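Chemist: dropping the sequence and predicted coords here.
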Amino acid sequence: MEFLLQILGLQGQVISWISVLGLFLFLAGFIIGLGAVTVIDLHGFLGMHSTYWTKTTIRAHKVTKPLIWIGIFLTILGGYIFYSNNPFSSIIIVQSVLTVTLILNGCFLSFYISPLLLKKEKKEKGHITLLSSSLQVKIAVSFVISFVGWWSSLLLLVLYLLVVR
């Protein structure tokens, strides 16, 4: 460890490897989860008025859905490891509330919306029509919750790293 710190010009610094692991997993969760959310949100937005993009969104969500859950899992695991070795802050509480919100929202999307989309795909045999306006509104609200929740939680991590530590 000392050799690595010396190469990086950090000799004399005390770095907990468990904190490094926790922060790495935390950030990996954001990269995977927020990346997938961004992709599916953009597809969903484009699919609101285009049958081509509706079809593409239905297909893409089969890939993004598990990536979002992997991202949530990694952020929870990484956050738990990272924050357990650092001073307590109200940021942790807000991030926890955001995480619970993202989990509930993810359950809605995974267990209510996703089966509807898959059923529509199967029923229409590849000739997808636009989603109903009520379903589009539900999806749009859910996407906003996902997008805002992920970005807000990442911003709070940045603030924690810059201010609290």
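Modeler: Yes, it's here. The structure displayed is predicted, hence computed values, not measured ones. Numbers count the residues shown, from 1 in each chain.
Chemist: tell me how far the nearest residue to Ser16 once chain neighbours are set aside lies from Val163.
Modeler: Counting by CB to CB, 6 or more residues apart in numbering, the nearest residue to Ser16 once its immediate chain neighbours are dropped is Asn85, at 5.6 Å. C-betas here are computed from N, CA, C, even on glycine. Separation of Asn85 from Val163 (CB to CB, to the nearest Å): 17 Å.
Chemist: swap in Lys125?
Modeler: From Lys125 to Val163 the distance is 54 Å (CB to CB).
Chemist: and the helix or strand hosting Leu104, what other elements does it pack with?
Modeler: Using DSSP states H and E, Leu104 maps to helix 90-108. Where contact means 3 or more CB pairs under 8 Å, 6 or more residues apart in numbering; DSSP states H and E, helix 90-108 is packed against helix 51-84, helix 133-159.
Chemist: how far off helix 90-108 does the shortest one point, in degrees?
Modeler: Between helix 133-159 and helix 90-108, the angle formed by their directions is 150 degrees, by axes from the mean of the first three to the mean of the last three CA atoms, to 10 degrees.
Chemist: which helices and strands does helix 133-159 pack with?
Modeler: helix 17-46, helix 90-108.
Chemist: pipe the ones you listed into TSV and attach mean neighbour count per row.
Modeler: Shown next, in TSV, are those (neighbours: other CB atoms under 10 Å):
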stretch	mean neighbour count
helix 17-46	18
helix 90-108	16
